[in-house]
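Asks: Sequence and predicted structure below; questions after.
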Amino acid sequence: MTDLSTLLDRGPLVLDGGLATELERRGHDLSDDLWSARLLRDDPEAVVQAHLGFLRAGAQVSTTASYQASTTGFAAVGIDTDGTRALLHRSVHLAREAGSRHAAETGERSLVAASIGPYGAVLADGSEYSGDYGLDVRALREFHRPRLEWLAEAQPDVLACETVPCLTEVEALLAEVADLGLPAWLSLTVDGERTRMGEPAREAFVMARDVEAVVAVGVNCCDPGGLAPLLSDAVALSGRPAVAYPNSGERWDGPARRWVGRSGFAPGEVRDWVATGARLVGGCCRVGPADIAAVAAEVRAGRAAEVPADIAAGAAEVRAERASGRAAEADDPAG
C-alpha cells in the first residue's frame, strides 16, 4: 500500500463503524468482559464477516477486534501470555483476510488499523468514559507496551490509539508509539471540548505535534454533533489531518451495561468534518454498515470541501518546524 500520510494527502478515507455493534446485530452475545475480543478465540470467522460487512458498505479501513484485548483480560479466562500475543496477531490477520476477500470481489484494497483501547476498557466498567482509574504515566506505559508491540509485530497499516479519556494516557501512548516503526493515530473521547477527565482536549493535540509516528489526531466515541471546531483545532495544533468517528450520540451506562438515549448520528456532517481537515472519517459504537454506507456516499459524491488554504498552510508550517528541529539536532555535536 502507498504510505498512509500520502493517502491522507489525497483525500479522506472512510473508516468502519462499531465492530461490536455489528457483531451483536448478527446475533453474537458480547455481554462478558472481553466484549468482541472473545470472538477472536471463539468465532474468528464471525469477525471476518463483520469486517466484510463494513467493507462492502464502503469502508476503506478495517479496525481490529483488539480494543478490549489485553493480558489482564485474557488471563481472567485462562489464556496465557503466549496465547494473548497470538490472539492479538490474529485480530490483524482477520482484518487482513476480510480485506483480501473484499479485494477479490471488487478489486478495491483496504487498510488495517490495529485498535488499542484505553486502560479503562479492560476494566469493563465504563471507566474509559471517565479516565478516572488512578494510574500514572509509567504504569500506563507498562500496561500498553506489550499489546502495542504484539500488534505491531503483525504489521497493520496503522495503530489506532482510540477512545483515550485523559491526558495522562495520551502521554503514555505517545511515548510508546514513538519508536515502534508504524504510523499511529491518536483519538480522544471527549465531552464537548474537554477530555472525559475534564481536561482541555487541545492540550493532547499539542502533545502529539512532535511525535513523528502520529499521522492523525482527533476524536471518537463521542457525541457526533458540533465536532468541526475541535477538529479544526486538532489540525492547526498538531500539524496533522484529523480523525473523526463519533458514536451514534447515545450514552453508555456502565453500571447497567447498556446504551441509553437517542441516536443523533448524521452522516451528512462528514462534510463539515472534512472541511476542517479530517481525513479519516467514520463511526464508532452503535454505528452500523448502513451509516457507513451513507458516510462513504458523502465522500464519493465530493460534497465535502477540501481543507481550507489557511488550515493546510498552518499544518505545513508545523511539519516544516519539526523538520527544522530534527536537522538542528543532527547538526548539534552535543546531541
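Replies: Alright, I've got the coordinates.
Asks: So residue 213 sits against residue 176, correct?
Replies: No - under the criterion of Cβ atoms under 8 Å, residue 213 makes no contact with residue 176, lying 9.7 Å away. From N, CA and C alone the C-beta is placed, and that goes for glycine too.
Asks: between those two, which one's more packed in?
Replies: residue 176 (24 against 19; other Cβ atoms under 10 Å).
Asks: Per-residue pLDDT of residue 108, please?
Replies: pLDDT, residue 108: 96.
Asks: neighbours around it, how many?
Replies: Applying the criterion other Cβ under 10 Å, we find 11 residues in the vicinity of residue 108.
Asks: ok, and the closest non-adjacent residue to it?
Replies: Spatially, and ignoring its direct neighbours in sequence, residue 108 is nearest to residue 102 (6.6 Å; Cβ to Cβ, 6 or more residues apart in numbering).
Asks: Let's verify the one you found: helix, strand, or coil?
Replies: Residue 102 carries the three-state label helix when classified by DSSP: H, G, I helix; E, B strand; the rest coil.
Asks: quick one: contacts for it?
Replies: Contact partners of residue 102, counting by Cβ atoms under 8 Å, 6 or more residues apart in numbering, are 52, 55, 56, 108, 110.
Asks: Most neighbours of all those, which one?
Replies: Using other Cβ under 10 Å as the neighbour test, the contacts of residue 102 are led by residue 55, with 26 neighbours.
Asks: My read is that it contacts residue 99, right?
Replies: Yes - in this structure, residue 55 sits in contact with residue 99. The criterion is Cβ under 8 Å, and the distance is 6.8 Å.
Asks: shared neighbours of those two, anything?
Replies: Joint contacts of residue 55 and residue 99 (Cβ under 8 Å, 6+ apart) are 62, 110.
Asks: pLDDT below threshold where in the stretch 1-150 of the chain?
Replies: Per-residue confidence for the stretch 1-150 of the chain (pLDDT under 70) gives these ranges: 1-2, 33, 35.
Asks: So the residue nearest to residue 108 versus residue 295, what's the distance?
Replies: Note on residue 102: its distance to residue 295, by Cβ to Cβ, to the nearest Å, is 17 Å.
Asks: Who does residue 216 form a beta bridge with?
Replies: Counting by DSSP bridges, residue 216 is bridged to residue 185.
Asks: how many neighbours does residue 205 have?
Replies: The number of residues packed around residue 205, counting by other Cβ under 10 Å, is 26.
Asks: what kind of secondary structure is it in?
Replies: Residue 205 is classified as helix under three-state DSSP.
Asks: My guess is it contacts residue 242. True?
Replies: No - counting by Cβ under 8 Å, residue 242 is not a contact partner of residue 205; they are 9.0 Å apart.
Asks: Need the residues touching each of those two.
Replies: Residues touching both residue 205 and residue 242 comprise 217, 234, with contact defined as Cβ under 8 Å, 6+ apart.
Asks: what sits against residue 89?
Replies: When the contact criterion is Cβ under 8 Å, 6+ apart, the partners of residue 89 are 150, 151, 153, 154.
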